[in-house]
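J.: Take this sequence and fold it.
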Amino acid sequence: MKKFLSILLICTLMLGLVGCAGGGATKGDDFKVGFIFLHDENSTYDLNFINAAKESCELLGVEYVLKTNIPEGQECYDAACELADSGCDIIFADSFGHEDYMIEAAKEYPDVQFCHSTGTKAHTEGLKNYHNAFASIYEGRYLAGVAAGMKLNEMIDNGEITEDQCKIGYIGAYTYAEVISGYTSFFLGARSICPSATMDVTFTGSWYDETAEKEAATKLIDGGCVLISQHADSMGAPTACENAGVPDVSYNGSTVDACPNTFIVSSRINWTPYYTMAIKNTKEGKEIPTDYVGTIGTGSIELTDFGPAAAPGTAEKVAEVKERLIQGTEKVFDVSTFTVDGEIVNSYMADVDTDPEYAGDHEVIVDGYFAESGEGFRSAPYFDLKIDGITLLDTKQ
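T.: Predicted coordinates for the structure are as follows:
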């Protein structure tokens, strides 16, 4: 018997990092949760998910298995099947390119729930056991942009730059709607405070490439950008900023320990509310929303503490704007605040259903604003307008 238990333990550990906690479950004490992550703890993006996974499972008292460094390919399908075969009742994946493989696994294991963050196809696939989730991170990036605008104004007031030198640099991974939505909301937040702000954007073609992200930040700084932000997952850009003494707004976690002289703030999605809800609902036999959108109100959007580089009064200004976002009196993508080719956008058919031609299929201008991740649409971003004031130095699909 002891030999059998030892073999069972070894096999279980081979499946991934296993965490166990006590507590009952409607589906039985052997309830298990599986997680698939694109990278490991060295990626700020994946670490954010990993921390939420552990917190949610330990809060609910369920066993969990973490699979890290799973590429956006057949490896994801294999990992999902291994987790399902090992007894996982619900399985999560965290990267856009995992989606097709999660859908394939969901079809093969109809009794297992599959939840995919940042995906776009749950509402068109029609599977009862496949779900997408995202959050209104564009609101968090907008608030981070407000902090950036405050910093630009401080630099103007101190005589470090002039109003026409307020150029922001931004490093993105790919020219996807998710990234476009992110850098645009950040820019609009900055320009709501510093109207003369402009922004240059460059792309690395990878979610995690420390060398490429560092080189991209250096290129932007050499090109006259006086403040940097990013939608990429390594410490490359923040390190370049610290070395150059350029203020930085990071993503998915504070970089203040490594960059004490340049860190302003960071925004992130807190996945704990979603993970907790989805796991709890599965245990209790309840449905999981097909498309879940976390908000500031659900505790899904957070900013870190402000770093030493933040301008005086930043915390107060951000709190003021945050309250207006919560109350709905301020909209991130208010069409009166931006133009495209010099024109206000009064109507736009966005590609919400994501067909192969990426054709527009839903009118998304509602009551004077672009309804990003709006009710009745999908959870993942679909804002892909190229607004005036932002220059793309390159593109990467």
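
J.: Let's check: the centremost residue of this structure is which one?
T.: Closest to where the C-alpha atoms of the chain average out (C-alpha atoms, centre = their mean) is Ile269, at 5.9 Å.

J.: Report the beta-bridge partners for the closest residue to Val352 other than its chain neighbours.
T.: Spatially, and ignoring its direct neighbours in sequence, Val352 is nearest to His362 (4.2 Å; C-beta to C-beta, 6 or more residues apart in numbering). C-beta: built from backbone N, CA, C; applies to glycine. With DSSP bridges as the criterion, His362 is bridged to Ala350.

J.: which residues does His362 contact?
T.: For His362, the contact set (C-beta atoms under 8 Å, 6 or more residues apart in numbering) comprises 349-350, 352-353, 377.

J.: and the residue nearest to the centre of the chain, what does it touch?
T.: Taking C-beta under 8 Å, 6+ apart as the criterion, Ile269 is in contact with 48, 134-135, 137, 140, 294, 300-302.

J.: Pull the most distant pair out of those residues.
T.: The most widely separated members of the contacts of Ile269, counting by C-beta to C-beta, are Phe134 and Glu302 (14.9 Å).

J.: State the number of residues packed around Tyr142.
T.: A total of 29 residues lie near Tyr142 under the criterion other C-beta atoms under 10 Å.

J.: is it true that it touches Leu188?
T.: Yes - between Tyr142 and Leu188 there is a contact under C-beta atoms under 8 Å: 6.2 Å.

J.: Next, show the common contact partners of these two.
T.: Applying C-beta under 8 Å, 6+ apart, one finds that Tyr142 and Leu188 are jointly contacted by Val332.

J.: The stretch 101-250 of the chain: strands as residue ranges?
T.: Assigned by DSSP state E, counting those that start in this stretch, the strands in the stretch 101-250 of the chain fall at 113-117, 130-135, 167-172, 198-203, 227-231, 248-251.

J.: Compare those strands and report which one is nearest to Leu385.
T.: Closest among those, using C-beta to C-beta: strand 198-203, at 13.5 Å.

J.: Packing partners of the closest one?
T.: On a contact count with 3 or more C-beta pairs under 8 Å, 6 or more residues apart in numbering; DSSP states H and E, strand 198-203 meets strand 167-172, helix 177-193, helix 210-222, strand 390-392.

J.: What's the local residue count around Glu363?
T.: With neighbours defined by other C-beta under 10 Å, the count for Glu363 comes to 12.

J.: swap that for Ser254, sorry
T.: Neighbours of Ser254 (other C-beta under 10 Å): 19.

J.: Cys81 now?
T.: Look at Cys81: counted by other C-beta under 10 Å, it has 17 neighbours.

J.: For it, which residues are in contact?
T.: Contact partners of Cys81, counting by C-beta under 8 Å, 6+ apart, are 105, 108-109.

J.: hmm, 7 Å instead?
T.: 105, 108 (C-beta atoms under 7 Å, 6 or more residues apart in numbering).

J.: Could you tell me which of the contacts of Ile269 belong to helices?
T.: Counted as lying in helices by DSSP state H, out of the contacts of Ile269, are 48, 137, 140.

J.: quick one: which of those has the most company?
T.: Using other C-beta under 10 Å as the neighbour criterion, Gly140 leads the ones in helices among the contacts of Ile269 with 29 neighbours.

J.: Would you mind measuring from that residue to Glu372?
T.: 13 Å (C-beta to C-beta, to the nearest Å).

J.: Equivalent analysis for Ser196, please.
T.: Using C-beta to C-beta, we find Ser196 at a distance of 25 Å from Glu372.

J.: Comparing those two, which shows the higher neighbour count?
T.: The neighbour count for Ser196 versus Glu372, taken as other C-beta under 10 Å, is higher for Glu372 (25 against 15).
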